[in-house]
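1. Sharing a sequence plus its predicted fold:
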Amino acid sequence: MAAPVRCEWVGEKPHLIRYHDEEWGRPVHDDRTHFEMLQLEGAQAGLSWETILLRREGYRRAFARFNPARVARFDARKRAVLLKDPRIIRNRLKIDSAVTNARAFLAVQKEFGSFDAYVWRFVGGAPKQDRRASPRKIPTSTAESDALSKDLKRRGFRFVGSTIIYAYMQAIGMVNDHAAPCFLSPRAHTHSC
């Protein structure tokens, strides 16, 4: 039996295949996972996704399994320890932003009942099923990512530019950008072979 065709960015590396097949583009409704992906996408700024993905378990350990209530309490001493932690990207601005974002995340949860209820409003509550024929047609930002980015910044979040937010939206399934001929593409389910 032939291996399934995947998005071009996946390649042959097992960790990327697993991430693509089991997570990327699948709708997320768990607040802890929202916080994790928001922080990982922000950590990626200027780096490759693979660099972050390979450190994911280190990030989970360093950032209290992405419990926003715990991360919000990280003091200067804890941040100094994180700056020496080889399991993560040791960037002061990114570490500080995780704490700032945790506090803003908690405020959103308090206002909307959950971060999930807040964030899915930006796509009308359901995943956008983009039927792109080529990965070259996938944008780096959209009107929805622009709006979400702007609102997150207004609420005090950092490392949430529109390109980062669009990557986050792809990761958590707010948009399905699996491009044809990927077996997970919306196009794959509308055309018979």
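-> Received, thanks.
2. From here on, just use CA atoms for contacts and neighbour counts.
-> Fine.
3. List the buried residues of stretch 8-21.
-> Residues 10, 16-17, 20-21 are the ones in stretch 8-21 that count as buried (16 or more other C-alpha atoms under 10 Å).
4. what's the average pLDDT for stretch 121-132?
-> Mean pLDDT, stretch 121-132: 86.
5. What of stretch 138-157?
-> 95.
6. From one end of that stretch to the other, what's the distance?
-> Taking C-alpha to C-alpha, to the nearest Å, stretch 138-157 runs 25 Å from one end to the other.
7. one step back: now, the buried residues of stretch 8-21 that are in strands?
-> Among the buried residues of stretch 8-21, DSSP state E puts none in strands.
8. So Leu67 is in contact with Asp31, correct?
-> That one is not Leu; residue 67 is Asn. No - with contact defined as C-alpha atoms under 8 Å, Asn67 does not count as touching Asp31 (9.2 Å).
9. elements contacting the longest helix anywhere in the chain?
-> In the chain, with assignment by DSSP state H, the single longest helix is helix 92-112. If you count contacts as 3 or more C-alpha pairs under 8 Å, 6 or more residues apart in numbering; DSSP states H and E, helix 92-112 packs onto helix 31-44, helix 68-71, helix 76-82, helix 115-119.
10. if we go to 7 Å?
-> If you count contacts as 3 or more C-alpha pairs under 7 Å, 6 or more residues apart in numbering; DSSP states H and E, helix 92-112 packs onto helix 68-71, helix 115-119.
11. And the pLDDT for Ala188?
-> 59.
12. ok, back up a step: out of the helices and strands packed on helix 92-112, which is closest to Asp177?
-> For the helices and strands packed on helix 92-112, distance to Asp177 was read as C-alpha to C-alpha. The smallest value, 17.9 Å, belongs to helix 115-119.
13. So which residues make contact with that closest one?
-> Helix 115-119 has contacts (C-alpha atoms under 7 Å, 6 or more residues apart in numbering) with 29-31, 105, 108-109, 112.
14. and the next element down the chain from that helix?
-> Of the helices and strands lying after helix 115-119 in sequence (DSSP states H and E), the nearest is strand 128-129.
15. Could you list the paired strands of that next one along with their orientation?
-> Its sheet considered, strand 128-129 pairs with strand 175-176 (parallel) by DSSP bridges.
16. Can you pull out the low-pLDDT segments for this structure?
-> Low-confidence segments of the chain, defined by pLDDT under 70, span residues 131-136, 187-193.
17. Now do the longest helix of the chain against helix 31-44, angle only.
-> 150 degrees (axes from the mean of the first three to the mean of the last three C-alpha atoms, to 10 degrees).
18. Okay, buried residues for helix 92-112 please.
-> 94-108.
19. any chance of the buried residues of stretch 8-21 in TSV, with distance to Glu50 too?
-> Shown next, in TSV, are the buried residues of stretch 8-21 (distance: C-alpha to C-alpha, whole Å):
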residue	distance to Glu50
Val10	10
Leu16	7
Ile17	11
His20	12
Asp21	15
